[in-house]
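Visitor: Below are the sequence and a predicted model for it; my questions follow.
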Amino acid sequence: MKRVFNDWFSLFRSSIADYRYYVDFDKVYANVDSIKVQLNILNSLKGSRNIEKDFTDLTELYPEVLSCIPILLAKREKEIEVLDNGQLLCYDFHKQNYDLKQYCRFMQETGLFELLQNHVYGSLVDYVTGVETGLDSNGRKNRGGHLMENLVECYLQKAGHKKEQSYYKEVYIHEIEQKWDIDLSVISNQGKTEKRFDFVLKTGTMIYGIETNFYGSGGSKLNETARSYKNIALETQGLQDFTFV
C-alpha cells in the first residue's frame with residue numbers, strides 16, 4: 001500500500017492542551033492556604049529597618065514561620081543544602097537544627113532579607129501564590145500525558161469499545177499474561193523486567209498493547225522514547241496473538 005505522508009502529516013496538531021492544562025489553580029490555592037497563617041506572620045517583616053533582630057524575635061515567638069521559608073525560594077523541600085565556605089550545611093525548616101543566627105545568615109545570603117525589606121510590595125500570600133503558579137508548570141508533563149491518554153480513550157470509546165470489557169487502562173505485562181494466558185517474556189526479558197501499557201485492547205483475534213505520547217518538538221527524550229518503542233515492536237514481531245501500537 002502506498003503511503004501518502006503529506007496526507008498523514010496534515011492531520012498532525014501542534015497541541016492537545018485543554019483549558020486546565022496550563023495551571024492547576026486548585027492545587028496552587030490549596031498549597032498557599034496550608035501556610036497562609038505563617039506567611040501573614042512573616043509579612044510583618046516587610047520593610048523592616050532592623051530585619052535580623054526582627055526576624056530573630058519573630059521566629060522565637062512563632063517558630064512555625066520557618067516552615068514557609070523554602071517556598072520563598074521556590075523550593076518545596078523542607079531541607080535545603082548549602083555549601084558555606086567549603087562546609088556543607090543542611091538547613092531544616094521543619095525542625096530547627098541550627099541557632100537563629102545561622103538561619104539569619106541563610107536569609108541574608110540567599111537574598112530573602114533584601115526581598116522582605118525592599119521588594120515585597122503586596123503580601124507574601126500574593127507572592128507565594130505567584131511562586132506556586134510558576135512551580136505548577138512543572139506538572140504540565142504529567143497533565144500532558146493524561147491528556148493524550150484521555151484523547152486515545154475517547155477514540156476507543158467512539159469505536160464502540162467499553163472500559164473493563166474490551167479495553168483496559170494501565171495494565172502490566174504479568175497481568176496480560178495471567179488474564180489471557182499468553183507469553184510476553186520477549187518483552188519482559190524472561191520475566192526479569194516489568195512493563196506497563198497505557199491501554200490494552202482485546203478483540204476476538206488479537207490483543208493490542210497501546211502506548212500513548214504527545215510531542216510538539218524534537219529532543220533527546222523523544223529519541224529515547226522512539227528507540228524504546230522500536231525495540232518493543234521488533235521484540236513482538238513474531239507473536240501471533242499480540243500487537244504493539
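Guide: Thanks, I have the structure now.
Visitor: Now the lowest-mean-pLDDT helix or strand in the chain: buried residues?
Guide: Ranking every helix and strand in the chain by mean pLDDT, DSSP states H and E puts helix 185-188 at the bottom, with a mean of 84. Going by neighbour count (16 or more other CB atoms under 10 Å), the buried part of helix 185-188 is 187-188. Every residue, glycine included, has its C-beta placed from N, CA and C.
Visitor: So which elements touch that helix?
Guide: Applying 3 or more CB pairs under 8 Å, 6 or more residues apart in numbering; DSSP states H and E, one finds that helix 185-188 makes contact with helix 173-180, helix 220-235.
Visitor: let's go with 7 Å and repeat that
Guide: In terms of contacts (3 or more CB pairs under 7 Å, 6 or more residues apart in numbering; DSSP states H and E), helix 185-188 is packed against helix 220-235.
Visitor: just checking, what packs against the helix it packs on?
Guide: Applying 3+ CB pairs under 7 Å, 6+ apart, one finds that helix 220-235 makes contact with helix 185-188.
Visitor: Need the contact partners of the helix it packs on.
Guide: For helix 185-188, contacts defined as CB atoms under 7 Å, 6 or more residues apart in numbering pick out 173, 191, 194-195, 232, 235-236.
Visitor: Return that helix as CSV; C-alpha atoms alone will do.
Guide: Extracted C-alpha coordinates of helix 185-188, given in CSV (Å, rounded to 0.1, in the frame of the first residue of the first chain):
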residue,chain,number,x,y,z
SER,A,185,8.6,-13.0,28.0
VAL,A,186,10.2,-11.5,24.9
ILE,A,187,9.3,-8.0,26.3
SER,A,188,9.9,-8.7,30.0
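Visitor: Give the next helix or strand downstream of it.
Guide: Following helix 185-188 in sequence order, the next helix or strand is strand 196-202 (DSSP states H and E).
Visitor: Pull up the pairing partners for the next helix or strand after that next one, direction included.
Guide: Next in sequence after strand 196-202, counting helices and strands by DSSP H and E, comes strand 207-210. Within its sheet, strand 207-210 is paired with strand 196-202 (antiparallel), strand 242-244 (parallel), according to DSSP bridges.
Visitor: which ones are touching the spatially most central residue of the chain?
Guide: Taking CA atoms, centre = their mean as the criterion, residue 139 is the residue nearest the geometric centre of the chain, at 3.8 Å. Contact analysis of residue 139 by CB under 7 Å, 6+ apart lists residue 24.
Visitor: ok, residue 68 to residue 178 distance?
Guide: To residue 178, residue 68 is 48 Å away according to CB to CB, to the nearest Å.
Visitor: between the two, which one's more packed in?
Guide: Legend: neighbour count by other CB atoms under 10 Å for residue 68 and residue 178, higher for residue 68 (21 against 10).
Visitor: so how far is residue 24 from that one?
Guide: According to CB to CB, residue 68 stands 20 Å off from residue 24.
Visitor: do residue 75 as well
Guide: 19 Å.
Visitor: the more surrounded of these two?
Guide: Ranked by neighbour count (other CB under 10 Å), residue 75 and residue 24 place residue 24 first, with 19 against 14.
Visitor: Packing partners of the helix ranked longest in the chain?
Guide: Ranked by residue count, the top helix of the chain under DSSP state H comes out as helix 140-158. Secondary-structure packing of helix 140-158 (3+ CB pairs under 7 Å, 6+ apart): strand 196-202.
Visitor: Give me the buried positions along the strand it packs on.
Guide: Neighbour-count burial for strand 196-202 flags 197-202 (criterion: 16+ other CB under 10 Å).
Visitor: cool, and stretch 155-172?
Guide: For stretch 155-172, burial by neighbour count (16+ other CB under 10 Å) applies to 156, 161, 167-169, 171.
Visitor: so which of these comes closest to residue 149?
Guide: Checking those against residue 149 with CB to CB, the nearest one is residue 169 at 7.5 Å.
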